[in-house]
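J.: After the sequence you'll find the predicted model.
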Amino acid sequence: MKRKTYYFRINDKATATGSSSILKRIFFGLIGLASVILAFMFSIVLLAIISVVVVGLIIFFWWKTRNLRKNIREANQEGRVFDGESRRDN
């Protein structure tokens, strides 16, 4: 069985395709598979790092605004005007 060889011109140079052996194809297939697996692993690690940073920022802002939230709760209970609403103490 004769193998077909195709010729393409790239920058006025003829290059042959289809002349690679089965071992080269297997080798480059394994390299490609390993590259995909490594890219997936790095994306999972990056997603975990981003998740930890976002949770940390949420906790930081929650902690920094605790006094503000406490003041808002106390203002609502004292019957003062807050945000355009009034409360009457009997």
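T.: Nice, thanks for sending it over. Numbers count the residues shown, from 1 in each chain.

J.: Moving C-terminal from the helix or strand of the chain with the lowest mean pLDDT, which element do we reach first?
T.: Ranking every helix and strand in the chain by mean pLDDT, DSSP states H and E puts strand 13-17 at the bottom, with a mean of 60. Next in sequence after strand 13-17, counting helices and strands by DSSP states H and E, comes helix 22-64.

J.: what angle sits between the next helix or strand after that next one and helix 22-64?
T.: Where DSSP H and E defines the elements, the next helix or strand beyond helix 22-64 is helix 66-77. Going by axes from the mean of the first three to the mean of the last three C-alpha atoms, to 10 degrees, helix 66-77 is angled at 50 degrees with respect to helix 22-64.

J.: Flag every buried residue along helix 66-77.
T.: Buried residues in helix 66-77, counting neighbours by 16 or more other C-beta atoms under 10 Å, are absent. For every residue, glycine as well, the C-beta is placed using N, CA and C.

J.: try stretch 46-58
T.: Of the residues in stretch 46-58, none is buried (16+ other C-beta under 10 Å).

J.: Could you report the separation of residue 64 from residue 24?
T.: Look at residue 64 and residue 24: by C-beta to C-beta, to the nearest Å, they are 59 Å apart.

J.: again but with residue 47, I slipped
T.: 35 Å.

J.: Could you do residue 46 as well?
T.: Residue 46 is 33 Å from residue 24, where distance means C-beta to C-beta.

J.: Could you give the number of residues near residue 23?
T.: Using other C-beta atoms under 10 Å, residue 23 has 8 neighbouring residues.

J.: Now do it against residue 58, distance only.
T.: 53 Å.

J.: ok, now which ones touch residue 52?
T.: Counting by C-beta atoms under 8 Å, 6 or more residues apart in numbering, residue 52 makes contact with nothing.

J.: State the distance from it to residue 29.
T.: 36 Å.

J.: same question, residue 53
T.: Residue 53 is 37 Å from residue 29, by C-beta to C-beta.

J.: which residues of the protein score low on pLDDT?
T.: By pLDDT under 70, the low-scoring segments of the chain are 1-2, 5-8, 10-20, 76-90.

J.: and if we set it to 80?
T.: Scanning the chain for pLDDT under 80 picks out 1-20, 72-90.
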